[in-house]
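*Asks:* what's the 3D shape of this:
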Amino acid sequence: MNAFLRKTVKGLRFIGIAVLVTTGLSNLTVLAAEGDVDSLLVIPAASSEGGAATENLGRHIEFALGEALMEIGILPLASDFLTITDANGDADILVNLRRIAEQRTGRLLVVEIGLLTTSDAAPHPVPAASVVDVGSGRLVARTTTLPLLEPDNRLEIAAAAAALARTLARQLEQHGYVLSDAAIKPWGGRATEYRLSLEGYELCERQDVLAVMEREFPGFLSIELVKAPNPDFAVYLYRSTATGQRLQKWIEQLMVSYRIAPAASSRVLVKDDSIRVQKDRSDKIYSPLCDG
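*Replies:* Sure, this is the predicted structure:
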């Protein structure tokens, strides 16, 4: 734990910590007493020897992560909510974090955004994130995304941030953390049966999209195939207590995490209980199921 925080604050005198009370893409099954929602603190990326360009990229990814979380329902406080001064050494930071943890009803988690690099001849930056439980000192979540082939490309950065947010939420859920009020109160309103069509998606791509909608979208109840008349078109009945507006927002963010540009390469059309998710056939989804 000390090493984790020391690495993060090396070379910094002042650290701004933004508190993020997470909601959004996680179908949490662990129930907690009201008020016992665990909190997530996002701290700046560790200082790097990669120069100004690497440091600037780290800041862009950190900012994009905040955007991605807000897009799926996460409510961040102001970035200057808490400032910790490093004037008296790294130990003071750990003391402050533990003091914050003791004052909260839920557990306190700290997430650090970092950059790895590929090992090829022309290395590319690889966004990564690690989460530590302040109370226990345990590493409870860690993930990376695909390398950024064009570090200045906003879509690539947004996609990396969205993928990090989704994966961290899923890993924390699997370890029993309760990061949203949706885990305590029923999500959404009445159950609605949506007619969901996926257009321009190959079989493996449809399987990946549906797996995310089933595991991670709050309010999910059931899904069943209606018809699949050709290899890249299928229609399903998707039952959920979430509103069509929320489903549209989550699906759009999911497409971003797949590096599918909204509007330009994908469209999500919602009308009443009908949802059409369209994608250009030439754009491929990058996932463990589909290597693009």
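*Asks:* contacts and neighbour counts: CA atoms only from here.
*Replies:* Will do.
*Asks:* how about the strands in the protein?
*Replies:* 14-21, 39-43, 75-76, 82-85, 108-117, 125-133, 139-144, 192-199, 220-230, 233-240, 266-271, 274-279 (DSSP state E).
*Asks:* Ok, which of the ones you listed comes nearest Ala161?
*Replies:* strand 125-133 (8.1 Å; Cα to Cα).
*Asks:* hang on, the earlier thing: make JSON lines out of the strands of the chain and add mean neighbour count and mean pLDDT.
*Replies:* Formatted as JSON lines, the strands of the chain follow (neighbours: other Cα atoms under 10 Å; pLDDT from 0 to 100):
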{"stretch": "strand 14-21", "mean neighbour count": "18", "mean pLDDT": "34"}
{"stretch": "strand 39-43", "mean neighbour count": "21", "mean pLDDT": "77"}
{"stretch": "strand 75-76", "mean neighbour count": "18", "mean pLDDT": "54"}
{"stretch": "strand 82-85", "mean neighbour count": "14", "mean pLDDT": "49"}
{"stretch": "strand 108-117", "mean neighbour count": "21", "mean pLDDT": "88"}
{"stretch": "strand 125-133", "mean neighbour count": "21", "mean pLDDT": "92"}
{"stretch": "strand 139-144", "mean neighbour count": "18", "mean pLDDT": "94"}
{"stretch": "strand 192-199", "mean neighbour count": "20", "mean pLDDT": "97"}
{"stretch": "strand 220-230", "mean neighbour count": "13", "mean pLDDT": "95"}
{"stretch": "strand 233-240", "mean neighbour count": "20", "mean pLDDT": "97"}
{"stretch": "strand 266-271", "mean neighbour count": "16", "mean pLDDT": "93"}
{"stretch": "strand 274-279", "mean neighbour count": "19", "mean pLDDT": "96"}
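*Asks:* now those as JSON lines including distance to Val212?
*Replies:* Formatted as JSON lines, the strands of the chain follow (distance: least, Cα to Cα, whole Å):
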{"stretch": "strand 14-21", "distance to Val212": "22"}
{"stretch": "strand 39-43", "distance to Val212": "22"}
{"stretch": "strand 75-76", "distance to Val212": "22"}
{"stretch": "strand 82-85", "distance to Val212": "34"}
{"stretch": "strand 108-117", "distance to Val212": "22"}
{"stretch": "strand 125-133", "distance to Val212": "20"}
{"stretch": "strand 139-144", "distance to Val212": "17"}
{"stretch": "strand 192-199", "distance to Val212": "14"}
{"stretch": "strand 220-230", "distance to Val212": "11"}
{"stretch": "strand 233-240", "distance to Val212": "13"}
{"stretch": "strand 266-271", "distance to Val212": "16"}
{"stretch": "strand 274-279", "distance to Val212": "14"}
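*Asks:* Looking at those, spot the one closest to Lys249.
*Replies:* Closest of the strands of the chain to Lys249 is strand 266-271, at 8.8 Å (criterion: Cα to Cα).
*Asks:* For Ser282, give its distance to Gln253.
*Replies:* In this view, Ser282 and Gln253 are 20 Å apart by Cα to Cα, to the nearest Å.
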